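K.L.:
here's a sequence, model it:
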Amino acid sequence: MDNKSNEKFTRLRNDYPLFIYEGFDYSRLNNRIDVQFYFTLVNKTDFKPTLSFFLPHENIYEKLSEETISNAIFNIGMVEMISYWKACCSPKILIKPYKLNKEQEMFWKKLFFLGLGEFFHTNNINTNKDDLLIFEYESDADNTSLCRHPELSNSYIIPVGGGKDSAVSIELLKSDFANTTALVVNQREATRSVLKAGGFNSSEVFEISRKLDPSIIKLNEEGFLNGHTPFSALLAFVSSFAAIVAGKGNITLSNESSANEASIPGTEINHQYSKSFEFEKDFREYYTKFISPSVNYFSLLRPLNELQIGGLFAKYYKYHNVFKSCNAGSKKDTWCCNCPKCLFTYIILSPFLSSEQLIEIFGENLYDKTDLTSYFDQLCGFAEEKPFECVGTIDEVNAAVACVIEKAENKLPYLLNRYKKLSTKHLQSTTGVNSLLSVFNDEHFLSADLADLVKSNISGLRI
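P.N.:
Now for the predicted structure:
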């Protein structure tokens, strides 16, 4: 533990002991709902982040009560607040709009603690869930434990980010495409291209624009605390509100069972905590009990691992030249080919695509890049921790790498040759991949029909 880092954490909490969730406003203009949140870091600054929801042609906004809308938006603000609160990690949060009950407080304290697990680790902060924060309320604040039950159709909203996972979900739901709407937060070129390849037109896309308050960037520059926040938790609340106003009952995520593995083995520190089954379960229970039991939030790909998703995606050629999973290159719509996400995606597709096909996608052979050695070691489990990225499990990576080595007909590229020399204990034959391709994880919230749909699509996956 870096004592200086923990001293900074303690000093900031002492200097800024109170963070306030002041409230929120929302309004509708034509097809757009604009939301603004108001947060205050006492003795320092105010934050006013915004969200805009561009309604699809068919929606039920006018049929919804003000209580339903306000409660759903208030809870979006609870998770949006994390991005600003983390600058000082104030020990007290005053919530003015509503009053949470004890069960709700437990949900939020868990999300703040585990959702910021990577943040605490990378900032060398030593804390625990019980001591991290307490919630306070205005004496006359209304209780927000009452849920509403708007009538929603049995149709789907698929959040699409431009990567391989949501493309697989799109293809799996093709049989019910007429009842499917895509949802996008902060549209980018890769997202547009994936949506086009998937057959969506603009009327079938629910677009959301999220804007951070620039004051948080200024605090980061001044040396306040900064780091990873649980974006997928925000997506859960945002997409569920979108489902309510669109009148669609199912939020169909594309999170896989591999997201459950900790980034640091043996700990609760997981970059993908808000993509995990644990969060999915907690969120479903919370939303059903305190916001709306009409929304069915689940991940279509939860029974699958990253190898299975890679095997399915490899067959969908129309996405190969348009999908992008690289965070570093997202603004320029490129693969940076220098980050762990690029390398992992390359690895997980390599048992199913030829070297030529992979180079056509990425622009170069990532197995030949010596400057990716440290990331490669992390992905393979040779290091103490995995990369803090949305990547698969260590077993999946080892199975994929060993399979490619076994199938290689020519001289091995640098990273594969390193693997063969360094770790014979990890070497597996293609049976290692095939055994992972036949797994169906029973921890999921799929209906029987959807579970059968997923099973039927992976039944023929083999190397």
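
K.L.:
contacts and neighbour counts: CA atoms only from here.
P.N.:
Fine.

K.L.:
can you verify Asp130 is assigned to a strand?
P.N.:
No: using DSSP: H, G, I helix; E, B strand; the rest coil, the assignment for Asp130 is helix, not a strand.

K.L.:
measure the nearest residue to it once chain neighbours are set aside to Ile93 for me?
P.N.:
Residue nearest to Asp130 in three dimensions, not counting chain neighbours: Lys109, with 8.0 Å by CA to CA, 6 or more residues apart in numbering. For Lys109, the distance to Ile93 (CA to CA, to the nearest Å) stands at 11 Å.

K.L.:
need the overlap of contacts for the two.
P.N.:
Taking CA atoms under 8 Å, 6 or more residues apart in numbering as the contact rule, the neighbours common to Lys109 and Ile93 are Leu133.

K.L.:
residues contacting the residue nearest to Asp130?
P.N.:
Here Lys109 is in contact with Lys129, Asp130, Leu133 (CA under 8 Å, 6+ apart).

K.L.:
residues touching Ala233, list them.
P.N.:
Ala233 is in contact with Val79, Ser274, Lys275, counting by CA under 8 Å, 6+ apart.

K.L.:
dump those residues into JSON lines; add secondary structure as well.
P.N.:
Listed next are those as JSON lines, based on three-state DSSP:
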{"residue": "Val79", "secondary structure": "helix"}
{"residue": "Ser274", "secondary structure": "helix"}
{"residue": "Lys275", "secondary structure": "helix"}
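
K.L.:
and of the residues you listed, the nearest to Val391?
P.N.:
Checking the contacts of Ala233 against Val391 with CA to CA, the nearest one is Lys275 at 11.4 Å.

K.L.:
does that closest one touch Asn255 like I think?
P.N.:
Yes: under the criterion of CA atoms under 8 Å, Lys275 lies in contact with Asn255, with a separation of 5.9 Å.

K.L.:
residues shared between the contacts of these two?
P.N.:
With the criterion set as CA under 8 Å, 6+ apart, the contacts of Lys275 and Asn255 do not overlap.

K.L.:
low-confidence ranges, the stretch 351-463 of the chain, go.
P.N.:
Applying pLDDT under 70 to the stretch 351-463 of the chain picks out residues 424-431.

K.L.:
what about the helices in it?
P.N.:
Per DSSP state H, counting those that start in this stretch, the stretch 351-463 of the chain carries helices over the ranges 355-362, 373-380, 394-407, 414-422, 430-437, 448-458.

K.L.:
nearest spatial neighbour of the spatially most central residue of the chain, skipping sequence neighbours?
P.N.:
In the chain, the C-alpha nearest the mean C-alpha coordinate belongs to Ser232, at 3.5 Å (CA atoms, centre = their mean). Taking CA to CA, 6+ apart, and ignoring the residues beside it in sequence, Ser232 has Ser274 as its nearest neighbour in space, at 5.3 Å.

K.L.:
quick check: that neighbour vs Lys110, distance?
P.N.:
11 Å.

K.L.:
so these two - more neighbours on which side?
P.N.:
Relative neighbour count places Ser274 above the other of Ser274 and Lys110, with 26 against 16, counting by other CA atoms under 10 Å.

K.L.:
wait, what's in contact with the more buried one?
P.N.:
Contacts were defined as CA under 8 Å, 6+ apart; by that measure Ser274 touches Gly115, Pro230, Phe231, Ser232, Ala233, Glu280.

K.L.:
quick one: contacts for Thr127?
P.N.:
Thr127 sits next to Phe120 when contact means CA under 8 Å, 6+ apart.

K.L.:
quick check, it in a helix?
P.N.:
No: with three-state DSSP as the criterion, Thr127 is coil rather than part of a helix.

K.L.:
going along the chain, name the strands of the stretch 101-250 of the chain.
P.N.:
Listed in chain order, the strands of the stretch 101-250 of the chain (DSSP state E, counting those that start in this stretch) span residues 134-137, 142-143, 153-159, 180-185, 205-211, 248-253.

K.L.:
beta-bridge partners for Tyr137, please?
P.N.:
Beta-bridge pairing of Tyr137, defined through DSSP bridges, involves Ile95.

K.L.:
wait, isn't it in contact with Asn101?
P.N.:
No: because the distance of 10.8 Å does not satisfy CA under 8 Å, Tyr137 is recorded as not touching Asn101.

K.L.:
who has more neighbours, the two?
P.N.:
The neighbour count for Tyr137 versus Asn101, taken as other CA under 10 Å, is higher for Tyr137 (17 against 12).

K.L.:
show the pLDDT at that one.
P.N.:
With respect to pLDDT, Tyr137 scores 95.

K.L.:
likewise for the one 5 residues further on?
P.N.:
Asp142 carries a pLDDT score of 73 in this model.

K.L.:
count of neighbours near the nearest residue to it once chain neighbours are set aside?
P.N.:
Of all residues beyond its chain neighbours, the one nearest Asp142 is Tyr98 (5.0 Å), with distances taken as CA to CA, 6+ apart. Using other CA under 10 Å as the criterion, Tyr98 is surrounded by 19 other residues.
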